[in-house]
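> Could you work out the structure for the sequence below:
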Amino acid sequence: MDFPFEVDGLLFYHKQTHYSPGSTPLVGWLRPYMVSDILGMAVPASPLTTKPEYAGHQLQQIIEHKRSQKEGMKEKSTHKSFDNGHYELEHLSTPKVKSNPHSPDQPGTLMEN
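The predicted structure follows:
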């Protein structure tokens, strides 16, 4: 079946909750390149299904993040991702922005990219 648009990701949410903006553990987002790895489903090739360079080591990053999180809990310290409101997948799967996206040199926002 052909559609006149490209899907830029799949949104999964808990069926017994209402939508509210912001980060929440009740919502998950899969980018097209993640679908075959996570769900084991075939995805038609497109520019969006090409795995970015930063995504090659995400599983190892998640394992290390959980390990450091457990060690931090033992020391009764909080982890940065808890302090700034980010959750695991958002924190680990979103590349760091090298420059200010709202600077006068770069009009627009990251959502427009």
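
> what residues go with each domain of this protein?
1-51, 53-97 (automatic domain parsing).

> Adding mean pLDDT and mean neighbour count, write those out as CSV.
In this view, the C-beta of every residue, glycine as well, is placed from N, C-alpha and C. CSV is the format used below for the domains of the chain (pLDDT from 0 to 100; neighbours: other CB atoms under 10 Å):
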stretch, mean pLDDT, mean neighbour count
domain 1-51, 81, 11
domain 53-97, 65, 12
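
> Pretty sure L59 sits in a helix.
Yes - the assignment for L59 (DSSP: H, G, I helix; E, B strand; the rest coil) places it in a helix.

> Can you show me the helices along the protein?
32-39, 58-74, 80-83, 88-93 (DSSP state H).

> Distance check, Q16 against L26.
Distance, Q16 to L26, using CB to CB, to the nearest Å: 9 Å.

> Ok, V43 next?
Distance from V43 to L26, by CB to CB: 25 Å.

> With P32 instead?
22 Å.

> What of T17?
Counting by CB to CB, the gap between T17 and L26 amounts to 5 Å.

> Next up, the contacts around M41.
V35 (CB atoms under 8 Å, 6 or more residues apart in numbering).

> Backbone torsions only: list them for it.
phi -100, psi 150 (degrees, to the nearest 10).

> Next: the one 4 residues further on.
Listed backbone geometry of A45 is phi -60, psi 140, with angles given as degrees, to the nearest 10.

> Skipping adjacent residues, who's closest to L30 in space?
L10 (4.6 Å; CB to CB, 6 or more residues apart in numbering).

> wait, the one you found sits on W29?
Yes - with contacts counted by CB atoms under 8 Å, L10 reaches W29, the gap being 7.2 Å.

> Good, wrapping up.
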